[in-house]
Structures are given as structure tokens and as C-alpha cells.
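Enquirer: Sequence first, then the predicted structure, then my questions.
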Amino acid sequence: MQKFTALFAAALLTAGMISAPAMAQDTNGQAQQQTQQAAPTAQDFTDEQLQQFADASQQIAAISQKYTQKLQGTDDQSKQQAIRKEANDKMVSVVQDSGLTVETFNAIGQAIQQDPELMKRVQGMANES
């Protein structure tokens, strides 16, 4: 269960850390339109994508834990910003290396939050790996 808690926490953390900079960089308003669309359902994702999400989330949980400790170790705002950027860059790399786009990863994370059955499927995949 601890492994899944880390997986879920990573998904939530990653969705926030990765999507915020991407939305800030979007000057055409596309990010707002995308967030207003209907949430994806479990049928929108293949088993391969869900497995990639599970694997990437485990790596992201480790990165998150490491960088949370670094953030707590400094009060300097500029250092904290640099730490957040470094963590975000590493998380993006993990997602891309898994074979998913950041958008797909975030969409799966959102779908998991809204679909308990999908959450159980991904939990099972995480426990198997």
C-alpha cells in the first residue's frame, strides 16, 4: 500500500508541477481550453500507457521525496526555485523516457483521481513491477 500511496502522491504532485509551467508558457489560451474539456476515461488509455504511467510514477515518487528534502533544507527563495526547476526537469525526463508525453501522463493522473477502477488497475500494475 505504501508503494501505491507514493504512486498516487507522485501523480498528484507531478500533475501540479509539470502542468503549471506548461500552462504558463501557453500564450494562445490552449491550456485553458484543454483543462475545460471532459476528463479522459479509462477506455482512453491502453494497458501499455497505464504500465508506463505506473513505472514513471514510481520513479517520480523517488525524485519527489529527494527534492522535497532539499526544499526543506533551504530558506533561500532563489535556491528553492532552482531546486523546483531541477526536480521538474527530472520528472519531465522520466515521463518522456517512459514513452509517454507529459500531457498523457497528466491525463492518466487526472483520470485515476476520478475513476476508482482505473486506480485499482494502475495500483495492480505498480505492485507487479
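Expert: Arrived safely, thanks for sending. Values in this document were obtained by computation on a predicted structure and should not be read as measured data.
Enquirer: who does the helix or strand where residue 93 lies touch, helix- and strand-wise?
Expert: Using DSSP states H and E, residue 93 sits in helix 77-98. Applying 3 or more C-beta pairs under 8 Å, 6 or more residues apart in numbering; DSSP states H and E, one finds that helix 77-98 contacts helix 2-25, helix 47-72, helix 102-114. C-beta here means a position set from N, CA and C on the backbone, and glycine is covered the same way.
Enquirer: Quick check: phi and psi at residue 74.
Expert: phi -140, psi 140 (degrees, to the nearest 10).
Enquirer: Tell me who's in contact with it.
Expert: Counting by C-beta atoms under 8 Å, 6 or more residues apart in numbering, residue 74 makes contact with 80, 83.
Enquirer: and with 6 Å instead?
Expert: Not one residue lies near residue 74 by C-beta atoms under 6 Å, 6 or more residues apart in numbering.
Enquirer: if I look at residue 108, how far off is residue 59?
Expert: Per C-beta to C-beta, to the nearest Å, residue 108 is found 15 Å from residue 59.
Enquirer: Who has more neighbours out of those two?
Expert: residue 108 (26 against 17; other C-beta atoms under 10 Å).
Enquirer: wait, that one sits on residue 53?
Expert: Yes - using C-beta atoms under 6 Å, residue 108 is in contact with residue 53, at 4.5 Å.
Enquirer: what's the nearest residue to residue 96 if we skip its chain neighbours?
Expert: In this structure, residue 96 finds its nearest non-sequential neighbour in residue 102, 7.3 Å apart by C-beta to C-beta, 6 or more residues apart in numbering.
Enquirer: Look at the one you found and report its pLDDT.
Expert: In this model, residue 102 is scored at 94, pLDDT.
Enquirer: Kind regards, and thank you for your time.
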